[in-house]
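K.L.:
Starting from these lines, generate the structure:
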Amino acid sequence: MQRGVETPWNGWGYAPDVALIQLDPNLNAIDLSSTEPFQVARGSVETDADGSRQATILFPQGTTAEMVMPDGTRQALTNLTVRATEYTVGEMGRERMPGELPPTSEYTYAAELSVDEALAAGAISVEFSQPVWFYVDNFVGFPSGERVLTGYYDRQLGRWIAIPDGAVIDIVGEQDGLAELDVDGDGAADDAGDLQALLGITEAERERLAALYEPGDSVWRVGPDHFTPIDCNWFSRNPDARPPPADKPKLRGGGNGPGGFPPGEDPCEEGGSIIECQTRVLREGVSLLGIRVVQLPLRAGA
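P.N.:
Below is the predicted model of the structure:
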């Protein structure tokens, strides 16, 4: 994990408490040469005060994978041992995070998606030829149709990077071995064509979902195209926040000069100071002894 520490000049910086975790014990063998429409990898069921959830990854048929090495070279992978390790479990979930969240992000859910073969080789990530579908139970209870804001942690840059949003999906039924899904929040099963057009959900994926989940379940669905730490969260919502006033700010004075100021008065400065009110700049004049000012003529075009 990585943490930044502010160290003032000639001062002290205090590192926050952290907690390292072990990889999830669930091992999932994935053969990318398989002819199955989808192969499944699942993490352990995790439970805390927020509820229970389990990470699930669906690998579409025809997906290829490459390890990205620290020097930028790539090595193909066909057989993968996949794990999904959740960071955000229990009272020390924040201390277990791989990196500090941006200030506008809520602490919600993060997991390490990893391949044992890539870890053993020292690779920095595993990239896929197409998105693999990451599911996790909607243990927070967000409504169907809401976007799942998602990012991944880049350890080389030391920051989170956004990827396309996911979606909250309700499984409202099952028919002919296919899960019926509500992706717009109206409580009704959406048309197969709409599911394909909006989220790229095929009948083969719905068949897999019917085997993995029950009607009444709710899940988040995200499509990462590589394995690194992944974070699903929402924007920070301050319950005490208030909207700005509807009225436009009024300029002082009622003169007929610029901006309602008296003629000849600079609207960017207040009397008695050299604080430029519009640019919010404080200027200070300092006398320097022994300095000679030379005025040079301007050249054409300068």
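K.L.:
Please count neighbours and contacts with C-alpha atoms only from this point.
P.N.:
OK.
K.L.:
Residue 127 against residue 118, yeah?
P.N.:
No - if you go by C-alpha atoms under 8 Å, residue 127 and residue 118 don't touch, sitting 10.7 Å apart.
K.L.:
what is in contact with those two at once?
P.N.:
Residues touching both residue 127 and residue 118 (C-alpha atoms under 8 Å, 6 or more residues apart in numbering) are residue 67.
K.L.:
May I see the buried residues of the strand of greatest length in the chain?
P.N.:
Criterion DSSP state E: the longest strand present in the chain is strand 159-175. Within strand 159-175, the residues that count as buried by 16 or more other C-alpha atoms under 10 Å are 159-160, 163, 165-174.
K.L.:
next one: stretch 81-98
P.N.:
Here stretch 81-98 shows 81-89, 93-98 as buried, counting by 16+ other C-alpha under 10 Å.
K.L.:
Next step: those restricted to strands.
P.N.:
81, 82, 83, 84, 85, 86.
K.L.:
hang on, the earlier thing: can you redo the buried residues of strand 159-175 as TSV with pLDDT?
P.N.:
Shown next, in TSV, are the buried residues of strand 159-175 (pLDDT from 0 to 100):
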residue	pLDDT
159	91
160	92
163	92
165	93
166	94
167	94
168	96
169	96
170	96
171	96
172	96
173	96
174	95
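K.L.:
Might you list the low-confidence residue ranges for the protein?
P.N.:
Scanning the chain for pLDDT under 70 picks out 235-274, 276-279, 286, 291-302.
K.L.:
quick one: the helices in it?
P.N.:
Ranges of helices in the chain, per DSSP state H, are 93-96, 116-121, 192-199, 203-212.
K.L.:
Mind listing residues that contact the second one?
P.N.:
With contacts defined as C-alpha under 8 Å, 6+ apart, helix 116-121 is touched by 67, 80, 81, 82, 83, 124, 125, 126.
K.L.:
And the first one, by the same measure?
P.N.:
Helix 93-96 is touched from outside by 1, 17, 18, 19, 20, 21, 87, 88, 107, with contacts defined as C-alpha under 8 Å, 6+ apart.
K.L.:
Distance of residue 115 relative to residue 46?
P.N.:
20 Å (C-alpha to C-alpha, to the nearest Å).
K.L.:
Looking at these two, which one has more neighbours?
P.N.:
Looking at residue 115 and residue 46 with other C-alpha atoms under 10 Å, you find the greater number of neighbours at residue 115, namely 25 against 15.
K.L.:
Looks like that one contacts residue 81 (just checking).
P.N.:
Yes - using C-alpha under 8 Å, residue 115 makes contact with residue 81 at a distance of 5.4 Å.
K.L.:
Since that was my last question, I'll sign off now.
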